[in-house]
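Participant: Here is a sequence together with a model predicted from it:
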Amino acid sequence: MESYLNENFGGVRPKHSSEEALRRWRRLCGIVKNPKRRFRFTANLSKRSEAQAMRKTNQEKLRVAVLVSKAALQFINGITFSGEYIVPSGVKAAGFGICADELGSIVEGHDVKKLKVHGGIEGLANKLSTSTTDGIITTDDNKLKTRQEIYGVNRFTESPPRGFWVFVWEALQDMTLMILAVCAFVSLLVGIATEGWPKGAHDGIGIVLSILLVVFVTATSDYRQSLQFKDLDKEKKKISIQVTRNGYRQKLSIYDLLPGDIVHLSIGDQVPTDGLFIFGFSVLINESSLTGESEPVTVNKDNPFLLSGTKVQDGSCKMLVTTVGMRTQWGKLMATLSEGGDDETPLQVKLNGVATIIGKIGLFFAVITFAVLVQSLLSKKIQEGRQWIWTGDEALEMLEYFAIAVTIVVVAVPEGLPLAVTLSLAFAMKKMMNDKALVRHLAACETMGSATGICSDKTGTLTTNHMTVVKACICGNIKEVGSSEEARNMCSHIPDSALKLLLESIFNNTGGDVVITQDGKLEILGTPTETAILEFGLSLGGNFEAERQECSLLKVEPFNSAKKRMAVVIQLPNGELRAHCKGASEIILDACDKVIDPTGKVVPLDEATMNHLKNTIESFASEALRTLCLAYVELENSFPIGDQIPLDGYTCIGIVGIKDPVRPGVKQSVEICRSAGITVRMVTGDNISTAKAIARECGILTDGGVAIEGPEFRKKSQEELNELIPKIQVMARSSPLDKHTLVKQLRTTFNEVVAVTGDGTNDAPALHEADIGLAMGIAGTEVAKESADVIILDDNFSTIVTVAKWGRSVYTNIQKFVQFQLTVNVVALIVNFSSACLTGKAPLTAVQLLWVNMIMDTLGALALATEPPQDDLMKRAPVGRKGNFISNVMWRNILGQAVYQFTVIRYLQTEGKGIFRLAGPDTDPVLNTLIFNSFVFCQVFNEINSREMEKINVFKGILDNYVFVAVLSCTVVFQVIIIEYLGTFANTIPLTLTQWFASILIGFLGMPIAAMIKKIPV
């Protein structure tokens, strides 16, 4: 079966599956009782095609708009336009000078002409009653509501949530249930016509009630699942961004943005609305998500148009919000994409394959069972010479045979298998959300259970990301600067000229900001590294605002992990130009040929001083400190601002050591991973000495492990890599490409299932390449989060271990449920088929089979697919990429239980009357009731057996899973009600205490038998 599944249903990958693979397995699903339910959690391929067509249209629109705007620019300069635009009265009355449609047409159409007509960006800001420096100034909620009414809200239209009755209607679409409903209706008509009311209606009403019970239980389960997914969707959409409003910089949800707001964008952000560039540096925008065009677009004052949904690939800027929500092309695209759904997971597809195989077998047995039963009835009538004379009872008997055949199909087609995956994933995702892991793609949950390796970042994942400068080497003096007092002490040892240069470098060459909050307090904004350095500058007595106003910022080259440096060009008060640079210590130090000595003079960097500085870097790094070097270079006044900032000729100002403590519990988590067969590798941009010190502290770097630098890794041949990669535990000074190469090699050459953590924009390729991409929720950029499958909300490595544990739990739970359901399938099929062939009658009626179907399908999935993870899950080897889903252990358990159950039921059929001394007119109904009751209790105890596939103790932790206990209790209680009180509808007879005890004992004996079966090696 496994090879058939891999061949026909194995083309779907955990992510990035081809459309052909997604279409192929749908075509192979031959027998589907209820397509609406079976394919509910699969991708809507037609909607995806619609979204792709929309992207192509956007690409063409933008291409035309750019060409038109370029042509317009040639004619605009020097021409004065007359104000042709008339403001609508409603907009004017609200205090605005431009309507939403006019605003939208400017940005979406890249209309330079219209922009100039409206007075440029400042003119538009005035018409929007806002300021390009202070943003919207209002504390009146009514004024914000008026703005919303005129310009709209920043949300896209979503399909309304489906109510409970929609799920009831979908559950009723089951073809087999519809056929049974027709059978029930005919049964009612014939029964009432021949036996009168109410006696003749019992069989028909019994089937109707069973159908309604199945429908309502199924709908309730599906509705609960949909609510869980709805809650998770809300969490996915919690995105906030830096905005200036009421003169203060603050974080706002992107859904609260309004035209007139001033948004601060930096590398890795997703543009939340359409807008216009106000001020910024080196802004490159990736528009591929909107247009499919991969070439980045430069945005500046000449091309100020920013489109919602695009991503900041480089640089930073301030943007004036102009158009929001469904008025943007991104809003329209997202409304379509949201209906496209998630890709189905490989496990869902495999279980669809299992359902298809068993469905075909079930249909074959159902047809033969019906043929045998009808042949038996016809033979009897031919012997009596009454083949042309039919009584009402015989017609009802024929109808009952047909209903039994249809119900065998109901039981045989395990429609619940693929849905059990979704149920288990939904349950796990909800629980993982509580454990600070937000799963963005269903498949990631199950794939994480097979992970064999984790490539983890250092900063913020293994460490706390709360950084402080604790040591500094300025003018050759090494000092502790962890406290304000130590920082002030250092100031007294630094010449004024050197201190001025240091503060100038800190406050101008930064991606962070120091702002005053509404409470009047200073707040430092930016990455943890930037925050630490700015805090150091303030502790030295620096004034951020004064330093920024003293110099003019002319050019910024933002930090990224490829260059490992950030540089700026500033104009000094005397008109001279100076470039400041900071970054990876050894890289910046290599670019220096001068240094500031203890007296404050700039002197050539000789070998002795260079060795002293290198030893300082090594000393800081060995104490697990991150090191950064700060340097500057004087530029010619004729330096072209469009050119790259120089890469050499710098003067070293100093080196700072930043402490980022290891997170509590990381060492234990790494140990858990090792015992689970998961290899943890640290991949960081830091100095190799810092990386090794932290890796040892975390327990990642062991005696036989290799620590290597990115540049050295890049030089290795394929043969060398094949030998080296299994030993690599630390990669330092790595570029995003190194990370991507390592992940690709592990996946392809070594066939590992790899999870990768990332937080920056440049980590997106590695996150995309990995089997499971894990983005950081706090430090991660929007680009990284969008490329990831799971977002670690607390940026903690221990949470990644929790995700792995839940992933394994999902995989194991679904295996338990499949084992349980296949056992019921096999036994129900063989019992009814063999009885029909040997006795001409089926022991289990349509109503009874529907009840058995509900026990094994919806209720079984609820009980077994929601088992919480056990600690011993992380003591097993990972399944990896080639593990068989239906394992030999499962086949052993299924066949062992099936043989026991069939033997017992068959023995009861042949010897039951003698054993229980049954006599009188009710003999057959009592025996059939006993068989039905014993069969159900076999399933109840087998459900407990299925909690563990290899362990003997199946009761461990059973009370921790209240869902399991509740399902089991409800099954037993309802079974008692069916036997004792619903006999007229379910064709049962109340049993004596002895018969009840015997039925329960038969079911219970399955447990010691299962324990013995588990001892058989496979």
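Facilitator: Yes, it's here.
Participant: Every contact and neighbour count from this point should use C-alpha atoms.
Facilitator: Fine.
Participant: which residue is nearest the centroid of this protein?
Facilitator: By Cα atoms, centre = their mean, the mean C-alpha position of the chain lies nearest to Arg440, the distance being 1.9 Å.
Participant: hang on, isn't that one packed against Ser787?
Facilitator: No. The pair Arg440 and Ser787 does not pass the contact test of Cα atoms under 8 Å, sitting 9.8 Å apart.
Participant: list the buried ones in stretch 943-951?
Facilitator: Buried residues in stretch 943-951, counted by 16 or more other Cα atoms under 10 Å: 943-950.
Participant: typo on my end, it should be stretch 566-580
Facilitator: Neighbour counts over stretch 566-580 (16+ other Cα under 10 Å) mark 566-571, 577-580 as buried.
Participant: Give me the average confidence score over that stretch.
Facilitator: For stretch 566-580, mean pLDDT is 92.
Participant: what's the span of that stretch, first residue to last?
Facilitator: 8 Å (Cα to Cα, to the nearest Å).
Participant: Please state the offset of it from the chain centre?
Facilitator: Counting by Cα atoms, centre = their mean, to the nearest Å, stretch 566-580 is centred 45 Å from the centre of its parent chain.
Participant: What of stretch 591-603?
Facilitator: 51 Å.
Participant: where does the protein have its least confident helix or strand?
Facilitator: The least trusted helix or strand in the chain, going by mean pLDDT, DSSP states H and E, turns out to be helix 45-76, with a mean of 61.
Participant: Show me the domain layout of the protein.
Facilitator: Structural domains annotated on the chain: 88-155+255-336, 156-240, 437-463+663-795, 468-651, as defined by the TED database.
Participant: I'd guessed Arg626 sits against Thr684; true?
Facilitator: No. With contact defined as Cα under 8 Å, Arg626 does not reach Thr684; the gap is 11.1 Å.
Participant: mind listing the helices for the stretch 201-350 of the chain?
Facilitator: 202-236, 288-291, 329-337, 346-384 (DSSP state H, counting those that start in this stretch).
Participant: Just tell me which of these ends up closest to Asp111.
Facilitator: For those, proximity to Asp111 was assessed by Cα to Cα; helix 329-337 is nearest, at 15.6 Å.
Participant: Just the CA atoms of the helix or strand encompassing Asp924, as CSV, please.
Facilitator: Assigned by DSSP states H and E, Asp924 belongs to helix 923-945. Extracted in CSV, the C-alpha atoms of helix 923-945 (Å, rounded to 0.1, in the frame of the first residue of the first chain):
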residue,chain,number,x,y,z
THR,A,923,-33.6,-15.9,19.8
ASP,A,924,-32.3,-14.3,16.5
PRO,A,925,-32.9,-10.7,17.6
VAL,A,926,-31.2,-11.3,21.0
LEU,A,927,-28.2,-13.0,19.4
ASN,A,928,-27.9,-10.2,16.8
THR,A,929,-28.1,-7.6,19.7
LEU,A,930,-25.4,-9.5,21.6
ILE,A,931,-23.2,-9.6,18.5
PHE,A,932,-23.8,-5.8,17.9
ASN,A,933,-23.1,-5.0,21.6
SER,A,934,-19.9,-7.1,21.7
PHE,A,935,-18.7,-5.6,18.4
VAL,A,936,-19.2,-2.0,19.8
PHE,A,937,-17.4,-2.8,23.1
CYS,A,938,-14.5,-4.4,21.1
GLN,A,939,-14.2,-0.9,19.4
VAL,A,940,-14.4,0.9,22.8
PHE,A,941,-11.5,-1.1,24.3
ASN,A,942,-9.6,-1.1,21.0
GLU,A,943,-9.8,2.7,21.1
ILE,A,944,-8.0,2.5,24.4
ASN,A,945,-5.5,0.0,22.9
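Participant: That one packs against which elements?
Facilitator: Packing partners of helix 923-945 (3 or more Cα pairs under 8 Å, 6 or more residues apart in numbering; DSSP states H and E): helix 797-839, helix 888-915, helix 962-981, helix 993-1014.
Participant: Identify the residues contacting Val299.
Facilitator: 277, 282-285, 305-306 (Cα atoms under 8 Å, 6 or more residues apart in numbering).
Participant: Most neighbours among these, please name it.
Facilitator: Of all those, Leu306 has the most neighbours under the rule other Cα atoms under 10 Å, reaching 28 neighbours.
Participant: Find the nearest non-adjacent residue to it, please.
Facilitator: Gly275 (5.1 Å; Cα to Cα, 6 or more residues apart in numbering).
Participant: Local confidence estimate at that neighbour?
Facilitator: For Gly275, pLDDT reads 92.
Participant: Against Glu102, how distant is it?
Facilitator: From Gly275 over to Glu102 (counting by Cα to Cα), the distance is 13 Å.
Participant: which of those two has more neighbours?
Facilitator: Between Gly275 and Glu102, counted using other Cα under 10 Å, Gly275 has the larger neighbour count: 29 against 14.
Participant: and Ala125, how many neighbours?
Facilitator: Quick note: Ala125 (other Cα under 10 Å) scores 25 neighbours.
Participant: With adjacent residues omitted, what lies nearest to it?
Facilitator: Ala125 sits nearest to Ser131 (Cα to Cα, 6+ apart), 5.9 Å away.
Participant: Is the one you found bridged to anything, and to what?
Facilitator: Gly135 (DSSP bridges).
Participant: tell me the contacts of it?
Facilitator: For Ser131, the contact set (Cα under 8 Å, 6+ apart) comprises 122, 125, 137, 260.
Participant: quick one on the thing from earlier: can you tell which of the helices of the stretch 201-350 of the chain is closest to Ile772?
Facilitator: helix 346-384 (13.7 Å).
Participant: Same question for that closest one: list its buried residues.
Facilitator: For helix 346-384, by 16+ other Cα under 10 Å, it's 346-360, 362-363, 365-374, 376-377, 381.
Participant: and that helix, what other elements does it pack with?
Facilitator: For helix 346-384, the packing partners by 3+ Cα pairs under 8 Å, 6+ apart are helix 2-9, helix 19-28, helix 392-412, helix 416-434, helix 797-839.
Participant: Among the ones you listed, which comes closest to Thr748?
Facilitator: helix 2-9 (18.4 Å).
Participant: any idea of the mean pLDDT for that closest one?
Facilitator: 63.
Participant: Surely Met566 forms part of a strand?
Facilitator: Yes. For Met566, which was evaluated using DSSP: H, G, I helix; E, B strand; the rest coil, the result is membership in a strand.
Participant: Wait, it touches Ala584, no?
Facilitator: No. At 9.6 Å, Met566 does not count as touching Ala584 under the criterion of Cα under 8 Å.
Participant: so where do the helices sit in the stretch 501-650 of the chain?
Facilitator: Using DSSP H, counting those that start in this stretch, helices in the stretch 501-650 of the chain cover 528-539, 544-550, 585-590, 607-622.
Participant: Understood, closing this out.
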